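**Q** what's the 3D shape of this:
(chains A and B)
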Amino acid sequence: MRRLEDGATYREPVDQLVYATGAGPRWLEVPGARSRGIYGVATLADGLLLRQIVEDERPQRAVIVGGGYIGIEMAEAFVARGLDVSLVELGSEVMGTLDADMGALVSAALREAGVKVYLEERVTGFHADGGQVRAVETDRRTLPADLVVLGVGVQPRSELAAEAGLPLGESGAVRIDDRMRTGIPGVWAAGDCAETFHLVSRRPAYIPLGTTANKQGRICGINLGGGYARFPGVVGTAITKFNQTEVARTGLSEREAQALGFEYGVARIEDRTRARYYPDSALMVVKLLAEKGSGRLLGAQIVGGPGAGKRIDVVAAALHAGMRVDEFMYLDLAYAPPFSPVWDPLLIAARKAAEQV
Amino acid sequence: MATKDRLIIVGGDAAGMSAAAQALRMRDDLEIIAFERGQHTSYSA
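**A** Down below sits the predicted model:
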């Protein structure tokens, strides 16, 4: 152990050990990427620092690299602060955890709010002046920048565990079983440094999220304390928003289902968050996938106005239960005009998907 | 007198602190030491 305050090194004898070292932001390996003014957003301290910089240095132009959760949430924050915001994304649409046809709706929402969205562009370098970033270079253009935020994903902090000889999975995260055991007696791992199990693909997966970290930590504590608990796994549920546009996903996207070799039927419908005539009824789009033959639900994506996003939890529960789409489409979901059309958009999507499997 | 079993947790955010809290509920004879590189624990980023 090295104490960061004074650099002193020392040893701690130990009976049991938990690796909960989390994940760190990926950084771009391009010229100038270590210039001042380029930030990742991984911790509370990172967020506080960025807010301080926006308040103290009054940057005018922000460039965000990466159109994932961090990217669109930072875009929302910068737009709210009145900055001129550009977003560069390598993929064909933002929100690469959704399929492109759904991500396109989020790209549109960004543009509508004045964010300049540059898709299918690769950042090739950063120009700096006196060590301070001044511009972002892509393979298509140069974007002037006073402030750059990188949201290009995270990687597990598993170096310590690897050095100690713990097996890592394909993702580079610590491999654990459903009781958070690493394979070495008395040594455990949980959270963003570790893998989990995907209940739809039935494979190990690396989906670092605070929700899962809390659950894995709890399971870990019960087991190392002499109790018995198992973590079944995850279905890949996540949610975010950009201004009024809510974005949610669970299970497998079409792209993931293809990569895993699933034969699937898919429905994509547009409906409303509340009864059409009710105040604040907003558009929402639902995409739903089900396996051909078995009819088993595989996943869903939602993009829409206020009230759309958390509907994803119904599908998440159904995925945990291994439900078929023909069972799902008659679920007794809550209805009154302020909350939903009489057929919830999820059920409409399920009806359509059921015709495809 | 037997010394307490010592549990070391590397990382003091969601997973680490959840593990600590739960382990303490299971066993009051554990000595738990948690290390955190940052200034905050359990902020659940």
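
**Q** how about the residue most central in space within chain B, phi and psi?
**A** Centroid-nearest residue in chain B, with C-alpha atoms, centre = their mean: residue B:20, separated by 3.3 Å. Main-chain dihedrals, residue B:20, degrees, to the nearest 10: phi -60, psi -50.

**Q** could you do residue A:81 as well?
**A** Here is the backbone geometry of residue A:81 (degrees, to the nearest 10): phi -90, psi 0.

**Q** quick check: closest non-adjacent residue to it.
**A** Distances taken as C-beta to C-beta, 6 or more residues apart in numbering or on different chains put residue A:54 closest to residue A:81, at 5.6 Å, once the chain neighbours are dropped. Any C-beta I mention is one placed from the backbone N, CA and C, and that applies to glycine too.

**Q** which SS class is that neighbour?
**A** Following DSSP: H, G, I helix; E, B strand; the rest coil, the label given to residue A:54 is helix.

**Q** point out the residues in chain B that sit beside chain A.
**A** Listed as neighbours of chain A in chain B under the rule C-beta under 8 Å from any C-beta of the partner chain: B:5-27, B:30, B:33, B:35, B:37-40, B:43-45.

**Q** which residues of chain B fall in helices?
**A** B:14-26 (DSSP state H).

**Q** what's the end-to-end length of stretch B:8-17?
**A** 11 Å (C-alpha to C-alpha, to the nearest Å).

**Q** for chain B, what's the nearest residue on the stretch 1-150 of chain A?
**A** Nearest residue of the stretch 1-150 of chain A to chain B (C-beta to the nearest C-beta) works out as residue A:20 at 3.3 Å.

**Q** pretty sure that residue sits against residue B:23.
**A** No: between residue A:20 and residue B:23 no contact is recorded; they are 11.8 Å apart, counting by C-beta atoms under 8 Å.

**Q** in terms of neighbours, single out the busier of those two.
**A** Set side by side, residue A:20 and residue B:23 show more neighbours around residue A:20, with 32 against 26, by other C-beta atoms under 10 Å in any protein chain shown.

**Q** what separates that one from residue A:321, distance-wise?
**A** Residue A:20 sits at a distance of 30 Å from residue A:321 (criterion: C-beta to C-beta, to the nearest Å).

**Q** ditto for residue A:151
**A** Distance of residue A:151 to residue A:321, given as C-beta to C-beta: 33 Å.

**Q** same thing with residue A:300?
**A** Applying C-beta to C-beta to residue A:300 and residue A:321 gives a distance of 14 Å.

**Q** and these two? Which one has more around it.
**A** Neighbours were counted for residue A:300 and for residue A:321 using other C-beta under 10 Å; residue A:300 has more, 30 against 12.

**Q** dump the residue contacts of the residue nearest to the more buried one when sequence neighbours are not counted.
**A** In this structure, residue A:300 finds its nearest non-sequential neighbour in residue A:315, 4.2 Å apart by C-beta to C-beta, 6+ apart. Neighbouring residues of residue A:315 by C-beta atoms under 8 Å, 6 or more residues apart in numbering or on different chains: A:250, A:251, A:288, A:297, A:299, A:300, A:328, A:346.

**Q** try it again with 10 Å
**A** The neighbourhood of residue A:315, defined by C-beta atoms under 10 Å, 6 or more residues apart in numbering or on different chains, consists of A:235, A:237, A:248-251, A:286, A:288, A:297-302, A:323, A:328, A:346, A:349-350.

**Q** which among these end up buried?
**A** Listed as buried from those are A:235, A:237, A:248-251, A:286, A:288, A:297-302, A:323, A:328, A:346, A:349-350; burial here means 16 or more other C-beta atoms under 10 Å in any protein chain shown.

**Q** restricted to helices, list the residues you listed.
**A** Among these, the members falling in helices (DSSP H) are A:328, A:346, A:349, A:350.

**Q** TSV for these, including pLDDT and distance to residue A:47?
**A** Shown next, in TSV, are those (pLDDT from 0 to 100; distance: C-beta to C-beta, whole Å):
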residue	pLDDT	distance to residue A:47
A:328	98	38
A:346	98	33
A:349	98	35
A:350	98	38
